[in-house]
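Visitor: Okay, predicted coordinates and the sequence, questions at the end:
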Amino acid sequence: MTPTELAEARHQATRPPRNTGSAPADASEGHGTAALLRPYAGRFATVVVLQVVGAVAGLAPLLAVVELGRTLLAPGPVDHGNVRLTVVAGAAGLAVRLLCTGAAAAVGHLLDAEVQLALRRRLAAHLGRVPIGWLSRRRGGELAKLVGEDVGAVHPLIAHTPGELVSAFVVPLVSLVYLFTVDWRLTLITLVPVVAAVALVPLMMTPARLREQADFDAAMARIAGSAVEFVQGIAVVKAFGGGESAHREFRDAADDFVAVFRRWVHGISPIAAAMQLLLSPPFVLLTVATGGTALITGGGMAAADLLPFLLLGLGLTAPVAALGHGFDEVQAARRAAARIREVLAVPPLAEPEHPVAPNGHRVELRGVRFAYEPGREVLRGIDLVLEPGTVTALVGPSGSGKSTLVQLLPRFFDPTDGTVRLGGVDLRRLGGRELYRHVSFVFQDVRLLRASVAENIALAVPDADREEVVRAARLAGIHDRVTELPHGYETVLGEEARLSGGEAQRVALARALLSEAPVLVLDEATSFADPHTERAVRRALETLRGDRTVLVIAHRPETIAGADTVAVLEDGVIVEQGRPADLLDAGGRLAGLWHSRHTADPSGEGERRC
Ligand SMILES: Nc1ncnc2c1ncn2[C@@H]1O[C@H](COP(=O)(O)OP(=O)(O)OP(=O)(O)O)[C@@H](O)[C@H]1O
């Protein structure tokens with residue numbers, strides 16, 4: 001990672017979304033594919049016009065050949081003036097075609113590059129403003145695909161397909177008009193293959209064909225699904241056996257597919273083959289030649305007039321072929337644009353225009369409600385005060401909303417109702433920088449940067465010296481492990497060394513400790529799997545006591561017993577709150593949870609977890 005990248009990452013880490021006032025604008029702008037491309041409409045139209053003019057001009061050389069044929073085959077002396085004029089006109093048409101298609105390609109590709117850059121910038125800016133909680137739910141690959149592949153998929157939509165599609169209809173239309181002026185009867189005969197092919201299209205849409213298509217899609221999806229399941233479960237299968245049954249699902253899906261595929265091919269292939277035959281050059285030429293010969297021998301048409309039909313007749317099938325190719329690309333681009341629009345439509349976190357500084361570090365949650373999806377509240381009216389210098393342990397059964405609640409403090413999400421205040425100020429009125437100066441967090445999902453260990457620890461305090469970094473690392477119980485790495489604190493993570501989940505969590509803990517933010521939010525959840533991390537968290541909590549406001553999702557009895565306050569969360573509501581000893585004595589929910597773990601786990605492990 002270069003210093004610039006690091007500075008940017010640090011900047012992003014400490015700087016949440018800025019309000020550029022575009023939230024409402026984003027909502028009102030509309031995000032249709034057309035809306036995304038609207039600012040470029042002028043140049044986009046230029047590309048289409050250039051492509052169409054180029055394609056139509058491309059007919060000139062063909063018509064020149066026709067005219068030359070007529071002139072040279074005509075009885076009597078050759079009109080050299082007319083020949084010269086025809087050749088010049090054909091060459092001029094060719095030149096216009098080359099110029100126009102060249103210009104269309106240049107403008108189209110420049111425009112495409114500009115649109116892709118603008119889309120990527122817009123996405124990057126927007127992703128910097130959406131709630132961190134929304135981002136952390138997305139897999140990295142999903143967003144990378146969006147910004148890379150999906151934005152790239154608009155390329156044919158801008159640089160190729162529209163112009164080519166329009167040309168595929170305009171060119172045959174111009175040819176038809178010309179051919180009608182030559183001989184309307186042979187024009188109609190020339191159209192027979194195209195009309196016959198189009199007449200077959202409804203046969204592809206009968207209920208039976210559509211059902212076969214749906215079965216085909218479903219069978220494909222089943223194969224893909226069982227393959228993914230098999231690959232994902234391969235480790236479990238290897239460890240615990242059962243390979244036979246794991247294979248079976250895939251084998252059954254493949255066998256089913258064979259039957260479905262046979263039916264599908266059986267139904268569709270005669271129609272597809274007939275269409276292909278009708279549109280094939282030999283068949284078109286045969287039709288034109290047969291019709292033309294009949295008209296010529298009947299004396300109704302001059303032999304030279306057959307020439308334009310032979311040359312232009314093949315082009316009349318282009319629209320049918322274009323419908324197949326062009327629309328597939330447009331559909332793919334539209335699907336990609338829809339995914340881009342969906343992300344751009346995620347409402348960004350509002351950032352205050354005039355940030356207010358907090359007065360102290362008392363944290364107060366009042367009437368806090370939160371729902372990930374409308375109508376399904378996960379937090380249902382939380383009132384909780386975290387006094388400075390105290391440790392509050394949050395306890396509750398799985399799914400009660402603990403992680404959701406703690407994520408509101410670093411503003412991963414805003415509450416759907418109620419307020420979270422820090423030092424008397426609603427978090428929504430604090431500037432991002434101010435918030436992250438005051439609140440640090442260590443959650444289960446630790447993300448480390450591809451940078452040195454020291455840079456990772458000092459992310460929020462770039463000017464920290466090595467001594468301070470080492471002190472935080474010692475406190476977080478990671479110092480000894482760091483000294484074992486190939487280049488100690490300069491080891492680049494993810495490149496020169498990989499850390500285990502517990503070790504990564506301790507680096508994150510060191511980062512939080514070094515930042516000296518007065519409010520620390522901690523999720524103890526993964527720590528009990530790793531005694532080092534467990535000890536580190538306990539030591540950190542003991543050291544911090546009397547200094548910071550700490551909220552910890554607690555599982556171990558030691559943490560609960562050592563907290564100043566325990567809040568028991570059940571189904572999104574705090575059902576019990578007070579000093580741990582008092583709550584245990586009172587025999588309420590905390591005592592119930594405590595004892596249920598003991599009974600559920602008589603091995604004694606339950607004594608360590610709650
Ligand atoms: N990103 C999300 N989108 C939708 N629902 C979610 C999301 N995260 C959590 N939930 C739901 O919210 C509820 C509370 O989850 P939460 O993770 O806050 O509980 P928890 O008490 O921390 O559980 P655990 O102890 O198992 O981690 C659960 O029903 C969960 O399914």
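Guide: Arrived safely, thanks for sending. Small disclaimer: the values here were computed from a predicted structure and weren't measured. Numbering: from 1, shown residues only.

Visitor: Look at Phe230 and say how many residues are nearby.
Guide: Each residue near Phe230 was counted by other Cβ atoms under 10 Å, and the total is 16. (C-beta placed from N, C-alpha, C; glycine too.)

Visitor: Can you list the residue ranges for strands in the protein?
Guide: Using DSSP state E, the strands of the chain run over 363-373, 376-386, 391-395, 417-422, 425-426, 439-442, 519-523, 549-553, 565-570, 573-578.

Visitor: packing partners for the fourth one?
Guide: Here strand 417-422 is seen to pack against strand 363-373 when contacts are counted using 3 or more Cβ pairs under 8 Å, 6 or more residues apart in numbering; DSSP states H and E.

Visitor: Next one: the strand it packs on, is it in contact with the ligand?
Guide: Yes: contact between strand 363-373 and the ligand, assessed by Cβ under 6 Å from any ligand atom, occurs at Tyr372.

Visitor: Which elements pack onto that strand?
Guide: Strand 363-373 packs on strand 376-386, helix 402-407, strand 417-422, going by 3+ Cβ pairs under 8 Å, 6+ apart.

Visitor: So what are the sheet partners of the last one and their directions?
Guide: Spelled out, that is strand 417-422. Strand 417-422 has its sheet partners listed here by DSSP bridges as strand 363-373 (antiparallel), strand 425-426 (antiparallel).

Visitor: Tabulate those (JSON lines), appending mean neighbour count.
Guide: Output for the strands paired with strand 417-422, formatted as JSON lines (neighbours: other Cβ atoms under 10 Å):
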{"stretch": "strand 363-373", "mean neighbour count": "17"}
{"stretch": "strand 425-426", "mean neighbour count": "18"}
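
Visitor: could I get the ones you listed as a markdown table with mean pLDDT?
Guide: Listed next are the strands paired with strand 417-422 as a markdown table, based on pLDDT from 0 to 100:
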| stretch | mean pLDDT |
| --- | --- |
| strand 363-373 | 93 |
| strand 425-426 | 92 |
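
Visitor: closest to His532 out of those?
Guide: Of all the strands paired with strand 417-422, it is strand 363-373 that lies closest to His532, at 29.1 Å by Cβ to Cβ.

Visitor: Rebuild the strands of the chain as JSON lines, extending it with distance to Leu119.
Guide: As requested, those are exported to JSON lines (distance: least, Cβ to Cβ, whole Å):
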{"stretch": "strand 363-373", "distance to Leu119": "28"}
{"stretch": "strand 376-386", "distance to Leu119": "33"}
{"stretch": "strand 391-395", "distance to Leu119": "41"}
{"stretch": "strand 417-422", "distance to Leu119": "34"}
{"stretch": "strand 425-426", "distance to Leu119": "34"}
{"stretch": "strand 439-442", "distance to Leu119": "32"}
{"stretch": "strand 519-523", "distance to Leu119": "35"}
{"stretch": "strand 549-553", "distance to Leu119": "39"}
{"stretch": "strand 565-570", "distance to Leu119": "42"}
{"stretch": "strand 573-578", "distance to Leu119": "43"}
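
Visitor: tell me the most buried of the helices and strands packed on strand 363-373?
Guide: Of the helices and strands packed on strand 363-373, the one with the most neighbours on average (mean count of other Cβ atoms under 10 Å) is helix 402-407, at a mean of 22.

Visitor: So what's the gap between that helix and the chain middle?
Guide: In terms of Cα atoms, centre = their mean, to the nearest Å, the gap separating the centre of helix 402-407 from the centre of its chain is 26 Å.

Visitor: Check which helices and strands that helix sits against.
Guide: strand 363-373, strand 376-386, strand 391-395, strand 519-523, strand 549-553.

Visitor: Take the helices and strands packed on strand 363-373 and write them to JSON lines, including distance to the ligand and mean pLDDT.
Guide: Converted to JSON lines, the helices and strands packed on strand 363-373 look like this (distance: least, Cβ to the nearest ligand atom, whole Å; pLDDT from 0 to 100):
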{"stretch": "strand 376-386", "distance to the ligand": "4", "mean pLDDT": "93"}
{"stretch": "helix 402-407", "distance to the ligand": "3", "mean pLDDT": "92"}
{"stretch": "strand 417-422", "distance to the ligand": "15", "mean pLDDT": "93"}
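
Visitor: Can you tell me which of these is nearest to Leu135?
Guide: Of all the helices and strands packed on strand 363-373, helix 402-407 sits nearest to Leu135, with 11.9 Å by Cβ to Cβ.

Visitor: So what touches that closest one?
Guide: Residues from elsewhere that reach helix 402-407 (Cβ atoms under 8 Å, 6 or more residues apart in numbering): 133, 365, 368, 370, 372, 378-379, 382, 384, 394-396, 413, 441, 443-444, 521, 523, 525, 551, 553, 569.

Visitor: still on that earlier bit, can you redo the helices and strands packed on helix 402-407 as TSV with distance to Ser167?
Guide: What follows is the helices and strands packed on helix 402-407, written out as TSV (distance: least, Cβ to Cβ, whole Å):
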stretch	distance to Ser167
strand 363-373	47
strand 376-386	51
strand 391-395	65
strand 519-523	59
strand 549-553	63
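
Visitor: Quick check: the gap between Ala221 and the ligand.
Guide: Per Cβ to the nearest ligand atom, to the nearest Å, Ala221 is found 25 Å from the ligand.

Visitor: so what pLDDT did that residue get?
Guide: Note on Ala221: pLDDT of 83.

Visitor: Could you measure from it over to Ile234?
Guide: As for Ala221, its distance to Ile234 is 20 Å (criterion: Cβ to Cβ, to the nearest Å).

Visitor: Could you list which residues are in contact with the closest residue to Leu68 other than its chain neighbours?
Guide: Nearest residue to Leu68, sequence neighbours excluded (Cβ to Cβ, 6 or more residues apart in numbering): Thr86, at 5.4 Å. In this structure, Thr86 makes contact with Ala64, Glu67, Leu68, Thr71, judged by Cβ under 8 Å, 6+ apart.
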